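Enquirer: Make a model of this:
(chains A and B)
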Amino acid sequence: MKLRLCLYLAAISAVLVAAIPSHTAKRPRYGGTLQVEIGATVTSLDPAVAGANAEEADAKTELDALLYDRRGEHGIFVGVAGSGAFRVSSWDPGKRAVLTANEDYREGRPFVDSVEIQMGRSAHDRVLDLELNKTDFAQIPAEQARPAADHGVRVSTSQPNELLALVFLKGRSGIETARVREAIARCVDRTAIVNFILQKEGEPAGGLLPQWSSGTAFLFSTETGVRSAKEIRSQISASPKLVLGYDSADMLEQSVAERIVVNAKEAGISLTSRGILSPGNKPAHGTDIRPGEAVRVDARLVRLRMLSPLPRVSLTAFIETLGPMAGIVDSPLPESASPEDVYYCERSIMNSGLIIPIVWMPQVYGISARVRDWKQPAAGETWPLAGVWLDSADAH
Amino acid sequence: MRLLPQFSLLRAGIISVIFVFAGVSAGAQTTTLHPPAWTNALGSLADKIGAVTKRGQSLSLEVKNMSSLSAADVDGLQGVLVADLARRNRPITKESLADVALHVTFSESADGYVWIAEILDGVKQNVVMVSVTAPNQKASGPETPLTLHRKLIWEQESRIVDFGILADSSSDGTSILIILDAGKLSFYKSPDKDWKLAREITMEHARPLQRDIRGRIDLQAGKARLPDAECAGDFRQPESVTCKTVTALGDPEIPRQSIAVQGRNVEDYVVLAPVCDDSPLTLVTGQGDWTEPDSIQAYLGRNPESSASSKIQFLGPVLELWRNADGKSARAVSRNLKTGTYEASIVSVSCGD
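Expert: Modelled structure (predicted):
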């Protein structure tokens, strides 16, 4: 009886073991169509044509990186369209693109046969389509990473590599007083912004480089000092009325700007927020911005994405962008700059008080379960879609 | 009775010797050997601290680790720094007695380690730092009867398909390193410590390149094969080697049966000749895909259940693992995900340490 039971159990075990799939499928497979959704509406794939706004420019860079083999001196893609991993096989400007694998690509044919890109999809729709398994790949706002993951979306999050900073604009009389700038810098509650607005997907920024890149970010304080901000405010005879601008199409910037205004009021500083309509953008729902309206602001929120994990390269790029806006004159860092040189350059900019780093945000991507070998692009890298493969071509 | 005092003295002497040895032994156990670059960097940091403090000033020391260094490493480095500062007449003392507060942080950047000293002298604050390249990870895990060794032979930016070494066998008596990548076969000679390019042969392809291209070098047959190209000749005389495109070769990958290792099916493995006893060894790669760090571990027998060595870690996937002709070592091609380069390594096995 015992022997029969043992044989019976052994037979069941053998069937169960045989039915368990192998998890060592390291070798990639070819084939299938990768479904991609983006928020931007890209109207031209010509690298010489600039994107109408930051969102389109970013998306265009990603698409051009798939179509062109290399970049020129200034980061612009050069050469023949289709020399990259994919070639355009269908193009409906601003709506849809289908890219087909380039059989002759220098680094080898991509694993997927094609990539189908739907444009102009809102963040909400992208997350919903990921939840419903209607798309394979979409970038989602950092603040929606946790809710998306809670709804079962496979989320890939980079190291924090995008800085949201407040920049005092050059030539505005209201911010000439260094004391006002210092008071605003001290009163911003960065931790609250990370916890509540970014849903804990990011980290407070005290300097112009994140800790993982420079190793020195901890030397820049991110503490909130409402009391010291009030003290500084009390030393100023007449506090100017300042206006903080933000991109009216960017809900995150709007929320952060409004939070900073609240913090400033707590410290007795007169600060209001105002949306700015960037070219090619529509204002976010509920804002009162009219196209063509000129808005005078004293400071504005700026998003800066790192061009490289290397601290020297990213700091140099930030200075090139922020320098003309804020009127910062700083000599460029040499290629041989040591971590100490980079730190002192960063310290010098922070001491000017013209830039207030607010938060570091990661890049977040939603990826379907069938996408394999997805490698989160490092700072400055583009989407590595030529290297991914689909585990099962009939998932959709 | 007279003997008793003498015996006691003898016993006391023996006990003293034991204590001395025990002390030395314990000291040796807690002292960690650091790479010379680390101790040099600490010397530089001590110099920089010395430059912003006065001779004879006492310092209080607070140490923080924000890097991937282990606690034992940090303890050891702290000891070296304290000794370096003492040599520069900057003794470490209690906070309440110190003239200057010194905060040292072992931090890490995208480039490597950054070791930072904040020197707080009243209201005056100075920050000095040094940078150190982070070394590759070492083997880890519990004690096992075998030890794996990895020797990095070559690294390059383009994908390495296979490689081979002909030791001391070229016509001029030097070793030859042969690297097969997707587009060329390269021969390097080592007249001194460095490999120098001796010949490079471009390989034309009969069909579009595959992203996961596989190929193989057969040193004994004097052949290097890709799915659609082949080179042949006397590899000891690189100038005799010629390459041509072929259409019928197909994938040179030799189909292998998967084996079961600790309940999982493994496709990437090699079987090596016995090293310590009569059991053959199986080297097995990790489970991840091509986006993750990988490892190689040795198991006894062909269908092993328990590991026989610690893992040796790779900073990216092991793409190829081939047995060498001697049967005692393996060739591993891996990709370093941190630098993006491809690495060719020899993995060998020894008994115990």
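Enquirer: Determine how far the one helix or strand residue B:296 maps to lies from the middle of the whole chain.
Expert: Residue B:296 belongs to strand B:294-300 when assigned by DSSP states H and E. Centroid separation between strand B:294-300 and its chain, computed with CA atoms, centre = their mean, to the nearest Å, is 15 Å.
Enquirer: Over to stretch B:76-87?
Expert: 27 Å.
Enquirer: can you check stretch A:32-43 too?
Expert: 17 Å.
Enquirer: and that stretch, is it in reach of chain B?
Expert: No. Figure legend: stretch A:32-43 not in contact with chain B (CB under 8 Å from any CB of the partner chain); closest approach 14.3 Å. From N, CA and C alone the C-beta is placed, and that goes for glycine too.
Enquirer: For the stretch 1-150 of chain B, give me the ranges with low pLDDT.
Expert: B:1-33, B:135-144 (pLDDT under 70).
Enquirer: try 90
Expert: B:1-37, B:56, B:95-97, B:111, B:121-124, B:133-150 (pLDDT under 90).
Enquirer: and residue A:380, what element?
Expert: Per DSSP H and E, there is no helix or strand for residue A:380.
Enquirer: With residue B:109 as the reference, measure out to it.
Expert: 16 Å (CB to CB, to the nearest Å).
Enquirer: Any idea how many residues pack against residue 77?
Expert: No chain in the question, so chain A it is. Residues near residue A:77, counting by other CB atoms under 10 Å in any protein chain shown, number 24.
Enquirer: my bad, the chain I had in mind was chain B
Expert: Count around residue B:77 with other CB under 10 Å applied: 25.
Enquirer: just the helices in chain A please.
Expert: In order along the chain, chain A carries the following helices (DSSP state H): A:2-19, A:54-67, A:123-131, A:145-150, A:178-187, A:190-192, A:211-214, A:226-234, A:251-266, A:311-326, A:339-352.
Enquirer: Point out the residues in the stretch 101-250 of chain A that sit beside chain B.
Expert: A:103-111, A:211-216, A:218-219.
Enquirer: Now that we have the residues you listed, which of them are buried?
Expert: A:105, A:107-111, A:211-216, A:218-219 (16 or more other CB atoms under 10 Å in any protein chain shown).
Enquirer: Have a look at the residues you listed and tell me the least confident one.
Expert: pLDDT across those is lowest for residue A:107, at 80.
Enquirer: pretty sure that one is touching residue A:85, no?
Expert: Yes. Residue A:107 lies in contact with residue A:85 (CB atoms under 8 Å); the separation is 7.2 Å.
Enquirer: Which residues are in contact with each of the two?
Expert: Here residue A:107 and residue A:85 have residue A:386 as joint contacts, going by CB atoms under 8 Å, 6 or more residues apart in numbering or on different chains.
Enquirer: What are the structural domain limits within the chain?
Expert: No chain in the question, so chain A it is. A:33-157+A:364-390, A:162-361 (automatic domain parsing).
Enquirer: should've been chain B
Expert: According to automatic domain parsing, the ranges for chain B are B:36-132, B:146-351.
Enquirer: ok, back up a step: can you tell me which of the domains of chain A the model trusts least?
Expert: Ranked by mean pLDDT, the domains of chain A end with domain A:162-361 at the bottom, a mean of 87.
Enquirer: related to what we said a few turns ago, please tabulate the domains of chain A in a markdown table, including the columns distance to residue B:50.
Expert: Listed next are these as a markdown table, based on distance: least, CB to CB, whole Å:
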| stretch | distance to residue B:50 |
| --- | --- |
| domain A:33-157+A:364-390 | 36 |
| domain A:162-361 | 16 |
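Enquirer: wait, does the following helix or strand past the strand holding residue B:296 contact chain A?
Expert: Scanning forward in sequence from strand B:294-300 by DSSP H and E, the next helix or strand is strand B:312-314. No. Between strand B:312-314 and chain A, judged by CB under 8 Å from any CB, nothing touches; the nearest distance is 13.3 Å.
Enquirer: Strand B:312-314 - contacts with which helices or strands?
Expert: In terms of contacts (3 or more CB pairs under 8 Å, 6 or more residues apart in numbering or on different chains; DSSP states H and E), strand B:312-314 is packed against strand B:146-156, strand B:294-300.
Enquirer: just checking, what packs against the shortest one?
Expert: Right, the one you point to is strand B:294-300. strand B:146-156, strand B:281-285, strand B:312-314, strand B:318-323, strand B:329-335.
Enquirer: could you check the angle strand B:318-323 makes with it?
Expert: Counting by axes from the mean of the first three to the mean of the last three CA atoms, to 10 degrees, strand B:294-300 lies at 30 degrees to strand B:318-323.
Enquirer: Can you name the residues in contact with stretch B:213-221?
Expert: Counting by CB under 8 Å, 6+ apart, A:108, B:159, B:161-164, B:166, B:178, B:180, B:182, B:223-227, B:235, B:251-253, B:320, B:322, B:325 sit against stretch B:213-221.
Enquirer: Would you mind listing which of these are buried?
Expert: Buried by 16+ other CB under 10 Å: A:108, B:159, B:161-164, B:166, B:178, B:180, B:182, B:223-227, B:235, B:252, B:320, B:322, out of the contacts of stretch B:213-221.
Enquirer: which residue does the stretch 151-300 of chain B bring closest to chain A?
Expert: residue B:211 (3.3 Å; CB to the nearest CB).
Enquirer: Pretty sure that residue sits against residue A:389.
Expert: No. Counting by CB under 8 Å, residue A:389 is not a contact partner of residue B:211; they are 9.0 Å apart.
Enquirer: More neighbours: the two, which one.
Expert: The neighbour count for residue B:211 versus residue A:389, taken as other CB under 10 Å, is higher for residue A:389 (26 against 20).
Enquirer: The closest residue to chain B within the stretch 201-350 of chain A: what's it in contact with?
Expert: For the stretch 201-350 of chain A and chain B, the shortest gap (CB to the nearest CB) falls at residue A:215, measuring 3.5 Å. If a contact means CB under 8 Å, 6+ apart, then residue A:215 has A:339, B:66-67, B:107-109, B:113-114, B:116 as its contacts.
Enquirer: which among the residues you listed end up buried?
Expert: Buried among these (16+ other CB under 10 Å): A:339, B:67, B:107-109, B:113-114, B:116.
Enquirer: quick check, nearest of the residues you listed to residue B:300?
Expert: Comparing these against residue B:300 with CB to CB picks out residue B:67 as the nearest, at 36.7 Å.
Enquirer: Quickly find the element holding that closest one.
Expert: Using DSSP H and E, no helix or strand contains residue B:67.
Enquirer: Give me the phi and psi angles of it.
Expert: phi -130, psi -180 (degrees, to the nearest 10).
Enquirer: repeat for the one 5 residues further on
Expert: Phi and psi for residue B:72, reported as degrees, to the nearest 10, are phi -70, psi -40.
Enquirer: Count the neighbours of residue 97 for me.
Expert: Just so you know, I chose chain A. There are 24 residues near residue A:97, going by other CB under 10 Å.
Enquirer: other chain: chain B
Expert: If you count neighbours by other CB under 10 Å, residue B:97 ends up with 8.
Enquirer: circling back to that earlier point, please dump the buried ones among the contacts of residue A:215 into JSON lines; it should also carry secondary structure for every row.
Expert: Converted to JSON lines, the buried ones among the contacts of residue A:215 look like this (DSSP: H, G, I helix; E, B strand; the rest coil):
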{"residue": "A:339", "secondary structure": "helix"}
{"residue": "B:67", "secondary structure": "coil"}
{"residue": "B:107", "secondary structure": "strand"}
{"residue": "B:108", "secondary structure": "strand"}
{"residue": "B:109", "secondary structure": "coil"}
{"residue": "B:113", "secondary structure": "strand"}
{"residue": "B:114", "secondary structure": "strand"}
{"residue": "B:116", "secondary structure": "strand"}
